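Trainee: what's the 3D shape of this:
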Amino acid sequence: MVARLEKEGSLRPGPVRDALLALPREVLMPQAYVRRSGPGEEPPRWDLLDWSAPQDRPELLGLLYGGASVLVQHDGEPLLGRARGTRAGASITSMSTVMSLTADLLEELDLRPGLRVLDVGTGAGVTAAVACQVCGDQGVVALDRDRNLTDAVAARLSDLGFRPQVVCGSGEQGVPGREFDRIFVSYAVERVPMALVEQLAPDGKLLAHVTSASPSWPGLAVVRRTADGHVTAELRAVEFAHRAGHGMARIWLNEGFRQRIATEPGAWTQRSMLVPPADRDRGFWLAADHLLGGGLVRDFGSEHLALGAPSCGSWMRAEPVGHRRWSVTVNGPRDIWKEIQDLADRWRVACSPDRYRLYFDADGGQRAASACGHLSWQLPAPPP
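Mentor: Take a look at the predicted model:
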């Protein structure tokens, strides 16, 4: 697993790589789920594999060290004392994140011995385990809202020889009265929790994925507090992000909507020489996620650009039909193609940024803006 991460560029020589090599994931996650039901099959079915069952070990090894997400909790259940076997219905409520994403973020944290680390939404405890290995467990706090998860994390980190503080509580509130050199939020949020910013120590760094209700174009908030206490932050456009946090609304394209986008004639079709923004133009798509109403979802399963707005039923698709020629089909009350092209002009005037400054206002508001100020938007206000 570590060799693959190195080859992909997610890991480099250093303490994070060494910690991952030293971490026996079967101790941290001695049980994991594998889905047995097919796409669309109801109710969904999973088998809980157990390291203590020799017949499960080959498949469980593949899950733990394959690099993909590891499913660890079904329907909010206790993790300690579970019997292996099949579960049906409900859903998976906790998982360990894809390792390439976790490794990238751990590298970004720049962990060093002696740092105080807050792992928010600790889940299976992978980040907490690496932080204990690199920084020492005395300064590490693992925080999660789910008592069943924190009970399991405390027990399994202890099995690894680590005894950090494990707290059951709100990730939005952090650990009041404490300061941390590194804060890692392992779920996506609509705005950076200000309580966590306030708990950031001088020379500290906080990482949190920020996204709208759409899962298509996330950003990574990187917040720093300087040695003299000044807070600076930026929002970077990224390809992948953590799953949304508890209670965060999400919008999706269901199978029927995707089929309509792919096959229906739409209200009109035109040939265009305007090139759609490329996938690599993530800074544009991050801005579009917020400035075009936050209601667009990309069908990444489509061969070409396909977008839908579930709230109103509007959609568009753009397919190449020759050199610098595109066939664009639009349907619904929104002209999504025009919205995209108008915003693309503004994005280019702003020098095509792939990251934006993030400002924290005195009244609690948060605003992202390009360096030149030509593109900006407000993040959603916190609930009253």
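Trainee: contacts, neighbours, all on C-alpha from now
Mentor: Will do.
Trainee: helices and strands around the helix-or-strand element of the chain with minimal mean pLDDT, which ones?
Mentor: In the chain, the helix or strand scored least confidently by mean pLDDT, DSSP states H and E is strand 268-272, which has a mean of 89. When contacts are defined as 3 or more Cα pairs under 8 Å, 6 or more residues apart in numbering; DSSP states H and E, strand 268-272 sits against strand 325-331.
Trainee: can you name the secondary structure element that comes next after the strand it packs on?
Mentor: Per DSSP states H and E, strand 325-331 leads on to helix 336-349 as the next helix or strand towards the C-terminus.
Trainee: and whichever helix or strand comes after that next one, average pLDDT?
Mentor: Using DSSP H and E, the helix or strand that follows helix 336-349 in sequence is strand 355-360. Summarised as a single mean, pLDDT over strand 355-360 is 97.
Trainee: which residues in the stretch 51-200 of the chain form helices?
Mentor: Along the stretch 51-200 of the chain, the segments classed as helices by DSSP state H, counting those that start in this stretch run 57-65, 99-109, 126-135, 147-159, 194-198.
Trainee: Throw the ones you listed into a markdown table and include distance to residue 276 and mean neighbour count, thanks.
Mentor: Converted to a markdown table, these look like this (distance: least, Cα to Cα, whole Å; neighbours: other Cα atoms under 10 Å):
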| stretch | distance to residue 276 | mean neighbour count |
| --- | --- | --- |
| helix 57-65 | 38 | 16 |
| helix 99-109 | 27 | 19 |
| helix 126-135 | 38 | 25 |
| helix 147-159 | 44 | 19 |
| helix 194-198 | 36 | 18 |
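Trainee: nearest to residue 179 among these would be which one?
Mentor: helix 194-198 (8.2 Å; Cα to Cα).
Trainee: now the closest one, how far from the chain's geometric center?
Mentor: Per Cα atoms, centre = their mean, to the nearest Å, the displacement of helix 194-198 from the mean C-alpha position of its chain is 19 Å.
Trainee: quick one: residues in contact with it.
Mentor: Contacts to helix 194-198, defined as Cα atoms under 8 Å, 6 or more residues apart in numbering, come from residues 172-174, 176, 183, 206, 223, 364.
Trainee: next, the angle helix 99-109 makes with the following helix or strand past it.
Mentor: Downstream of helix 194-198, the next assigned helix or strand under DSSP H and E is strand 200-210. In terms of direction (axes from the mean of the first three to the mean of the last three Cα atoms, to 10 degrees), strand 200-210 departs from helix 99-109 by 150 degrees.
Trainee: which elements pack onto strand 200-210?
Mentor: For strand 200-210, the packing partners by 3+ Cα pairs under 8 Å, 6+ apart are helix 99-109, strand 180-185, strand 219-225.
Trainee: for the ones you listed, could you give me a markdown table that also reports distance to residue 354 and mean pLDDT?
Mentor: Shown next, in a markdown table, are these (distance: least, Cα to Cα, whole Å; pLDDT from 0 to 100):
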| stretch | distance to residue 354 | mean pLDDT |
| --- | --- | --- |
| helix 99-109 | 17 | 96 |
| strand 180-185 | 22 | 98 |
| strand 219-225 | 10 | 98 |
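Trainee: and of these, who's closest to residue 137?
Mentor: strand 180-185 (13.3 Å).
Trainee: thinking again about what came up before, now the helices of the stretch 51-200 of the chain as TSV including distance to residue 347?
Mentor: Shown next, in TSV, are those (distance: least, Cα to Cα, whole Å):
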stretch	distance to residue 347
helix 57-65	41
helix 99-109	27
helix 126-135	36
helix 147-159	43
helix 194-198	28
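Trainee: closest one to residue 41 among those?
Mentor: helix 57-65 (22.0 Å).
Trainee: what's the mean pLDDT across the closest one?
Mentor: Per-residue scores along helix 57-65 average to 97.
Trainee: just stretch 299-306 next, same as before
Mentor: Mean pLDDT, stretch 299-306: 94.
Trainee: and that stretch, what's buried?
Mentor: Going by neighbour count (16 or more other Cα atoms under 10 Å), the buried part of stretch 299-306 is 299, 305-306.
Trainee: among the residues you listed, name the ones in strands.
Mentor: 305-306 (DSSP state E).
Trainee: neighbouring contacts of the least confident helix or strand of the chain?
Mentor: 325-331.
Trainee: mind running it again at 6 Å?
Mentor: 325-330 (Cα atoms under 6 Å, 6 or more residues apart in numbering).
Trainee: and if you look at stretch 334-344?
Mentor: residue 314.
Trainee: state the mean pLDDT of it.
Mentor: 95.
Trainee: low-confidence ranges, the stretch 201-350 of the chain, go.
Mentor: 294 (pLDDT under 70).
Trainee: follow-up on the earlier one: mind giving me CSV with the helices and strands packed on strand 200-210 and columns for distance to residue 70?
Mentor: Output for the helices and strands packed on strand 200-210, formatted as CSV (distance: least, Cα to Cα, whole Å):
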stretch, distance to residue 70
helix 99-109, 9
strand 180-185, 18
strand 219-225, 22
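Trainee: nearest to residue 7, of the helices of the stretch 51-200 of the chain?
Mentor: Closest among those, once you apply Cα to Cα, is helix 99-109, at 10.8 Å.
Trainee: ok and the closest one relative to strand 180-185, angle-wise?
Mentor: For helix 99-109 against strand 180-185, the angle by the same axes, to 10 degrees is 160 degrees.
Trainee: who's in contact with helix 99-109?
Mentor: By Cα under 6 Å, 6+ apart, helix 99-109 touches 10, 67.
Trainee: tell me what angle it forms with helix 57-65.
Mentor: Going by the same axes, to 10 degrees, helix 99-109 makes 40 degrees with helix 57-65.
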